[in-house]
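In: Kindly generate the corresponding structure for this input.
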Amino acid sequence: MTDELARLKKRALDLLSRREHSTFELYNKLKRHCDDESLINPLLTELKSQGLLSDHRFADSVRRKVSGKLQGPLRLKRDLSVAKVSADFCSNDEHVDWLSLAVAALEKKFKLHDLTDPKCQAKALRFLAGRGFTQDIAYNALKRLRQQ
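Out: All right, here's what the predicted structure looks like:
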């Protein structure tokens, strides 16, 4: 193993020990620290075969992060597309109750506001749209919150 390959592998393991990375993200981060880019792809293949690098795990970690921050499915898709990971990799996406997350986000942000006021409703819908919720989910969340 050459010195540069060993240094590159150490760098990759160091990055992966902090958080999950997509293949694209790790490639770009390693490219900044490598003179010979031909070493990167075999290293990524080795890391994948050892189970240290997985786009599935990365997608699941992004899903957990997005739902933990009370953000919506459009935000999840955007974050995955930035990392060049297919949204199909997010295996537990159907188990996320996006409507409940939207209601929780509204309750947290608008607990002291009158959601019967049209201006406040518009503000709430813009808020949810900015958090990555679809229009359908946003309207249903607002409707559910007004019924409570």
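In: pLDDT below threshold where in this protein?
Out: 1, 90-94 (pLDDT under 70).
In: make it 90
Out: 1-5, 33-38, 86-96, 111-117, 145-148 (pLDDT under 90).
In: Quick one: the helices in it, in order.
Out: 3-18, 23-31, 40-49, 55-68, 73-82, 98-109, 118-130, 135-147 (DSSP state H).
In: OK, contacts around the residue nearest to the spatial centre of the chain?
Out: Centroid check for the chain by Cα atoms, centre = their mean gives residue 62 as the closest residue, at 3.1 Å. Going by Cβ atoms under 8 Å, 6 or more residues apart in numbering, residue 62 touches 76, 79-80, 83, 85, 90. Heads up, the C-betas are built off the backbone N, CA and C, glycines and all.
In: wait, which of those residues is closest to residue 3?
Out: Using Cβ to Cβ, residue 83 comes nearest to residue 3 of those, at 29.8 Å.
In: Would you agree the closest one is in contact with residue 65?
Out: No - the criterion here is Cβ atoms under 8 Å, and residue 83 misses it with residue 65 at 11.8 Å.
In: So between these two, which is more surrounded?
Out: residue 83 (19 against 15; other Cβ atoms under 10 Å).
In: what's near enough to touch the more buried one?
Out: Here residue 83 is in contact with 22, 24-25, 58, 62 (Cβ under 8 Å, 6+ apart).
In: Buried among these? Need that as a selection in PyMOL.
Out: Buried residues within the contacts of residue 83, by 16 or more other Cβ atoms under 10 Å, are selected in PyMOL with:
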select buried, resi 22+25+58+62
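In: got the phi/psi numbers for residue 83?
Out: For residue 83, the backbone dihedrals (degrees, to the nearest 10) come out as phi -90, psi 10.
In: so how far is residue 53 from the closest residue to it other than its chain neighbours?
Out: Nearest non-adjacent residue to residue 83, counting by Cβ to Cβ, 6 or more residues apart in numbering: residue 22, 4.0 Å away. Relative to residue 53, residue 22 is positioned 9 Å away (Cβ to Cβ, to the nearest Å).
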